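S.K.: Sequence first, predicted coordinates after that:
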Amino acid sequence: MKKLLAAIIIFAIAGTAVFAFWSYDPITPQGTPPIPFEVKPGSSVKSSAEQIAAAGVPLNPTLFHVLARLTGKATRLKAGNYELKPGTSPLALMDQLVRGEFAQEALAVIEGWTFRQMRDAIDKHPALKHDTAGLSDQELLARITTQYKHPEGLFFPDTYLFAKGASDLQIYRQAHALLQKRLNEAWARRAAGMPYKSAYEALIMASIIEKETGQKSERNLIAAVFVNRLRRGMLLQTDPTVIYGMGDKFQGNIRKKDLETDTPYNTYTRAGLPPTPIALPGAESLAAALNPANADVLYFVSRGNGTSEFSNNLDDHNRAVNKYQR
């Protein structure tokens with residue numbers, strides 16, 4: 001009887017040691033590719049373990065079930081899309097499920113994109129749930145904010161991380177909230193005497209600066225040109241606004257006829273700022289619109305190498321145009 005009891009004790013100790021080793025041993029070795037898997041809502045720990053194994057994770061569902069019970073975490077596993085990284089142990093995987101560390105996807109929204117380009121990138125991202133499919137731009141915007149009527153410029157260009165299967169509305173809401181934050185911060189740090197009635201007008205100017213800037217180091221000088229023109233009541237005369245107003249009619253070249261055709265965005269025919277932004281401006285363009293260079297410049301022309309020649313009178317500007325453009 002004593003020998004049997006001793007054998008049982010030894011077996012139990014050995015089993016415990018083996019189980020402990022298993023719980024800390026990597027499920028897949030370093031260098032192997034990550035394995036995606038999903039835990040569906042409402043799943044028990046047993047069902048969760050079976051789903052993980054069925055997705056291709058070389059995990060013993062029974063042992064994982066036992067581990068969840070022994071650690072007291074059986075009822076704390078969160079449903080969602082995950083990714084098993086190489087070198088992860090069963091115990092680490094358990095903690096990942098408890099914390100809800102979902103598989104991360106990324107979407108980059110680029111400075112200078114139009115809202116149409118942003119929406120196209122979101123619509124094509126395969127890891128998003130496309131809740132906005134079929135909505136007009138105005139219907140989509142109404143899901144995000146009631147403060148504005150036009151979506152252009154209202155979303156901050158950045159790289160956004162999200163769990164696989166997240167709603168595309170999450171990206172729009174994050175991007176709009178970040179834009180509001182960055183705009184408010186820039187507005188609070190604006191230089192004295194800026195010719196804007198509101199932060200939204202500064203946003204419009206920032207979008208023009210974003211589209212006109214070829215060399216980042218010239219951003220504040222570009223801003224100075226347009227701010228100086230606005231202060232003097234001069235026409236802004238910026239091609240990107242004309243192009244934006246042309247919409248699908250723009251085929252890559254802007255002609256004299258286009259500059260003379262009036263639209264709400266034609267700054268050759270209409271004074272002041274256009275009615276809305278024309279693109280998604282980044283932080284540097286926001287800062288430049290509200291803190292332009294202290295320079296008496298009114299004109300600029302491309303030198304053809306990515307930089308611009310700036311002038312403070314029309315005669316010098318015409319000479320620069322003849323030199324670099326004709």
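M.R.: That came through fine. No experiment lies behind these values; they were computed from the predicted model shown.

S.K.: what's the span of stretch 194-201, first residue to last?
M.R.: 11 Å (C-alpha to C-alpha, to the nearest Å).

S.K.: for stretch 188-196, same thing?
M.R.: Chord length of stretch 188-196, first to last residue, is 13 Å (C-alpha to C-alpha).

S.K.: Just the mean pLDDT for that stretch, thanks.
M.R.: Stretch 188-196 carries an average pLDDT of 96.

S.K.: Helices along the stretch 51-200 of the chain, start to end?
M.R.: 61-70, 90-99, 115-124, 137-144, 168-188, 199-212 (DSSP state H, counting those that start in this stretch).

S.K.: I meant the stretch 201-326 of the chain, not that one.
M.R.: Using DSSP H, counting those that start in this stretch, helices in the stretch 201-326 of the chain cover 219-232, 239-246, 256-260, 283-290, 314-324.

S.K.: looking at those, which is closest to residue 60?
M.R.: helix 283-290 (50.0 Å; C-beta to C-beta). Where you see a C-beta, it was placed from the backbone N, CA and C, and this is true even at glycine.

S.K.: List the contacts of that closest one.
M.R.: Residues outside helix 283-290 that contact it (C-beta atoms under 8 Å, 6 or more residues apart in numbering): 111, 182-183, 186-187, 189-191, 194, 202-203, 205-207, 209-210, 213, 216, 219-220, 222-223, 227, 281.

S.K.: 6 Å instead?
M.R.: With contact meaning C-beta atoms under 6 Å, 6 or more residues apart in numbering, helix 283-290 is reached by 182, 186, 190, 202, 205, 206, 209, 210, 219, 220, 223.

S.K.: Likewise for stretch 245-264?
M.R.: By C-beta under 6 Å, 6+ apart, the list of residues contacting stretch 245-264 reads 239, 242, 243, 265, 266, 268, 269, 275.

S.K.: Can you turn the buried part of the residues you listed into a PyMOL selection?
M.R.: Buried subset of the contacts of stretch 245-264, written as a PyMOL selection, criterion 16 or more other C-beta atoms under 10 Å:
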select buried, resi 242+243+265+266+268+269
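
S.K.: Max pairwise distance over the contacts of stretch 245-264: which two?
M.R.: Between any two of the contacts of stretch 245-264 (C-beta to C-beta), the greatest distance is 17.4 Å, for 239 and 275.

S.K.: hang on, the earlier thing: for the helices of the stretch 201-326 of the chain, which one ends up most surrounded?
M.R.: helix 283-290 (a mean of 24; mean count of other C-beta atoms under 10 Å).
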